[in-house]
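Visitor: What would the 3D arrangement of this be:
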Amino acid sequence: MFNIFLIELDHLCMLWVVMCTSRCRAW
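Guide: Just a heads-up that it's a prediction; the model follows:
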């Protein structure tokens, strides 16, 4: 259960990084 939570957290981090980089490129 905890392992699945870590994987989900990692996916959220990846999503956040992608959004941040795309936003930085928009500037």
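Visitor: what stretches of the protein score poorly on pLDDT?
Guide: Where the chain drops to pLDDT under 70, the residues are 1, 27.
Visitor: can you map out the strands along it?
Guide: Counting by DSSP state E, one finds no strands in the chain.
Visitor: Let me see the ranges of the helices in it.
Guide: 2-26 (DSSP state H).
Visitor: how far out from the middle of the chain is stretch 14-27?
Guide: Remark: stretch 14-27 is offset 10 Å from the chain centroid, using Cα atoms, centre = their mean, to the nearest Å.
Visitor: how many other residues sit next to Met14?
Guide: If you count neighbours by other Cβ atoms under 10 Å, Met14 ends up with 10. From N, CA and C alone the C-beta is placed, and that goes for glycine too.
Visitor: Next one: it from Cys20, what distance?
Guide: Met14 sits 11 Å away from Cys20, going by Cβ to Cβ, to the nearest Å.
Visitor: again, but for Leu12
Guide: According to Cβ to Cβ, Leu12 and Cys20 sit 12 Å apart.
Visitor: Over to Cys13?
Guide: 10 Å.
Visitor: Check Leu9 too.
Guide: 16 Å.
Visitor: for Glu8, same thing?
Guide: Note on Glu8: its distance to Cys20, by Cβ to Cβ, is 19 Å.
Visitor: what about Leu12, neighbour count?
Guide: Neighbour count of Leu12, defined by other Cβ under 10 Å: 10.
Visitor: and it, what does it touch?
Guide: When the contact criterion is Cβ atoms under 8 Å, 6 or more residues apart in numbering, Leu12 has no partners at all.
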